[in-house]
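Trainee: all I have is the shape, not the residue letters:
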């Protein structure tokens, strides 16, 4: 029986949570899973753009390993900290609470690991310590580690959110007592902190910083040593803690970036335990924001490079992925014969092979190719294969969706990204950035950029231009830097160089690199959404 595409046929969902049917049989391991499973490998921050496969990779890690515990950030009650009057008071006064946030993560991880290892319950929360009684008597450092655990004997077996609140309450009490003894009558809230004199604020910072710095630092460090030396010693019996969805609204943004930075620092600390791996998934734009917002004196981003597992896909891998998914769709419905991409997309499209045409209109991410193929299948109901004209018909809706998706992906950095891209509408697929005239720039400004929100960084450059504080060329350079970062355009600095794309090259473009000969290349994925004039076949 010949197969034909049915109504609502597709090759998978856009997100891993909804893609169980295909993910189970069509997961393509590019080698990243083995790296993640290896506790000796330092890479433990899964880094990728939206749709690169981060959640799918963590899902497979949970399937492949028995001792995996997922910590859901949204269930940690960390908004308790964000909403605490006392915490807000000390943050506003200038107290660096970074160490406290690190200690909070350490505390969470220590207890979760012990609960997982010894299956601790309310009825027997301390039975596991009997195994180490003699050790504690011989080693004072490990005895102090035991003392620390005893402080939490009432909540050791409870949900993590309760532990978070209790840990924060203890710090609040210590901070409050340290300050109120010298500042009687002071109300510890945000408004009060903003009204402190410089002298009093300095005194508050001095006393509070001392409390934060001594708050269980030694005990927690000794517990980590204890876990490494005495508990998690079997390299064949591995334990994993994973955290996903850090880009979602699990805590107020005012402390989210600090908490994620503290989480990353804590992950580094736990590398000391060789049979334990703490794995987190982070979007590239979020990590960039975290480092920008928490950058302090002496910060060196390269020190974190060894922790990063960057998800990168090649054309051949994306082709394999589509082959697996198309084969599963067709075989389940009609035939046991193997069916792959080229059996369904049989003809060239505008002089390109179908796979080159489809993959060339993606940012080399699984989500993009799945979305494009699904759009094509949607228009092919009752047909056996997908004709070139159908691909081009599907492309417009796909392209509009991808531009909207980029706007969502980068909204924290560039709230009105789609409006920035209007400078490209109706242009050739590539052009020199100096071809944009002052009249064209100001027309786009009047139509699309006059109501940019206050937190929009590009809006500040528009205002400078309006106030004659920067030139049109300087404004365009800032604009194209943003469009390059978000992969809306690629940049060809000189005629002899190849086009640089941020999703491939991992490097930025500086103001000084832009020259009169610099070429701007609109990504083919967005040609239809922006009414771009494609190159003639001879010009490709």
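Mentor: Now that the structure is in, tell me what you want to look at. On a predicted model such as this, the values are computed, not experimentally measured, just so you know.

Trainee: for whatever helix or strand residue 166 lives in, buried residues please.
Mentor: Counting by DSSP states H and E, the element that carries residue 166 is helix 160-180. Residues 160-161, 163-165, 167-168, 171-172, 175-176, 178-179 are the ones in helix 160-180 that count as buried (16 or more other C-beta atoms under 10 Å). (C-beta placed from N, C-alpha, C; glycine too.)

Trainee: tabulate the residues you listed in TSV, adding columns for distance to residue 427 and pLDDT.
Mentor: Formatted as TSV, these follow (distance: C-beta to C-beta, whole Å; pLDDT from 0 to 100):
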residue	distance to residue 427	pLDDT
160	52	77
161	52	79
163	56	79
164	51	83
165	55	83
167	55	83
168	53	85
171	56	82
172	57	84
175	57	81
176	60	84
178	61	79
179	60	77
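
Trainee: can you add distance to residue 274 and give the residues you listed back as TSV?
Mentor: Below are those laid out as TSV (distance: C-beta to C-beta, whole Å):
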residue	distance to residue 274
160	24
161	29
163	25
164	27
165	32
167	26
168	31
171	30
172	35
175	36
176	40
178	38
179	41
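
Trainee: identify, from those, the entry nearest to residue 2.
Mentor: residue 160 (54.2 Å; C-beta to C-beta).

Trainee: isn't that closest one right up against residue 78?
Mentor: No - taking C-beta atoms under 8 Å as the definition, residue 160 is not a contact partner of residue 78, at 10.3 Å.

Trainee: so what's residue 528 up against?
Mentor: For residue 528, the contact set (C-beta atoms under 8 Å, 6 or more residues apart in numbering) comprises 395-396, 398-400.

Trainee: those residues, buried ones only, as a PyMOL selection?
Mentor: Those of the contacts of residue 528 that count as buried under 16+ other C-beta under 10 Å are selected in PyMOL with:
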select buried, resi 395+398+399
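
Trainee: narrow the contacts of residue 528 to those in helices?
Mentor: With helices defined by DSSP state H, the entries of the contacts of residue 528 inside them are 395-396, 398-400.

Trainee: closest to residue 311 among these?
Mentor: For those, the closest approach to residue 311 (C-beta to C-beta) belongs to residue 398, at 21.8 Å.

Trainee: that closest one: what's its closest spatial neighbour, skipping adjacent residues?
Mentor: Nearest residue to residue 398, sequence neighbours excluded (C-beta to C-beta, 6 or more residues apart in numbering): residue 375, at 4.4 Å.

Trainee: re earlier: can you name every helix or strand that the helix holding residue 166 contacts?
Mentor: Where contact means 3 or more C-beta pairs under 8 Å, 6 or more residues apart in numbering; DSSP states H and E, helix 160-180 is packed against helix 79-82, helix 85-93, helix 98-118, helix 198-214.

Trainee: list the helices and strands the lengthiest strand in the chain packs on?
Mentor: For the chain, the strand that runs over the most residues, judged by DSSP state E, is strand 276-283. If you count contacts as 3+ C-beta pairs under 8 Å, 6+ apart, strand 276-283 packs onto strand 45-48, helix 54-64, strand 239-243, helix 253-269.

Trainee: format these as a markdown table; extra columns: mean neighbour count and mean pLDDT.
Mentor: Below are those laid out as a markdown table (neighbours: other C-beta atoms under 10 Å; pLDDT from 0 to 100):
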| stretch | mean neighbour count | mean pLDDT |
| --- | --- | --- |
| strand 45-48 | 23 | 97 |
| helix 54-64 | 20 | 95 |
| strand 239-243 | 23 | 97 |
| helix 253-269 | 20 | 92 |
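
Trainee: closest one to residue 307 among those?
Mentor: Here strand 45-48 is closest among these (C-beta to C-beta), at 4.8 Å.

Trainee: can you give the contact residues for that closest one?
Mentor: Contacts for strand 45-48 (C-beta under 8 Å, 6+ apart): 32, 36, 54, 57-58, 264, 267, 279-284, 287, 304, 307-311, 365.

Trainee: centre of the chain to it, how far?
Mentor: 7 Å (C-alpha atoms, centre = their mean, to the nearest Å).

Trainee: likewise for stretch 311-321?
Mentor: 20 Å.

Trainee: give me the secondary structure label for residue 299.
Mentor: What DSSP: H, G, I helix; E, B strand; the rest coil gives for residue 299 is coil.

Trainee: contacts only, for it.
Mentor: Residues counted as contacts of residue 299 (C-beta under 8 Å, 6+ apart) are residue 291.

Trainee: state the pLDDT value of it.
Mentor: We have a pLDDT of 85 for residue 299.

Trainee: next: residue 512.
Mentor: pLDDT, read off for residue 512, is 83.

Trainee: which one is residue 233 nearest to, not counting chain neighbours?
Mentor: Among residues not flanking residue 233 along the chain, residue 275 sits closest, at 7.0 Å (C-beta to C-beta, 6+ apart).

Trainee: phi, psi of that neighbour?
Mentor: Main-chain torsions, residue 275, degrees, to the nearest 10: phi -100, psi 20.

Trainee: what about it, how many residues close to it?
Mentor: 19 (other C-beta atoms under 10 Å).

Trainee: please apply the same query to residue 193.
Mentor: Residue 193: 21 neighbours (other C-beta under 10 Å).

Trainee: how close does it get to residue 204?
Mentor: Distance, residue 193 to residue 204, by C-beta to C-beta, to the nearest Å: 8 Å.

Trainee: and for residue 319?
Mentor: 61 Å.

Trainee: so between the two, which is more surrounded?
Mentor: residue 204 (24 against 18).

Trainee: residue contacts, the more buried one?
Mentor: Neighbours of residue 204 in contact, by C-beta under 8 Å, 6+ apart: 90, 93, 95, 179, 183, 193, 196.

Trainee: one more: residue 379?
Mentor: Counting by C-beta under 8 Å, 6+ apart, residue 379 has contacts 390, 393-394.

Trainee: could you export the residues you listed as a markdown table, including distance to residue 453, neighbour count and pLDDT?
Mentor: Formatted as a markdown table, the contacts of residue 379 follow (distance: C-beta to C-beta, whole Å; neighbours: other C-beta atoms under 10 Å; pLDDT from 0 to 100):
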| residue | distance to residue 453 | neighbour count | pLDDT |
| --- | --- | --- | --- |
| 390 | 40 | 19 | 97 |
| 393 | 36 | 14 | 97 |
| 394 | 34 | 22 | 97 |
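
Trainee: what backbone torsions are found at residue 37?
Mentor: According to degrees, to the nearest 10, residue 37 has phi -70, psi -30.

Trainee: flag every buried residue along the following helix or strand past the longest strand of the chain.
Mentor: Using DSSP H and E, the helix or strand that follows strand 276-283 towards the C-terminus is helix 284-294. For helix 284-294, a neighbour-count test (16+ other C-beta under 10 Å) marks 284-287, 289-291, 294 as buried.
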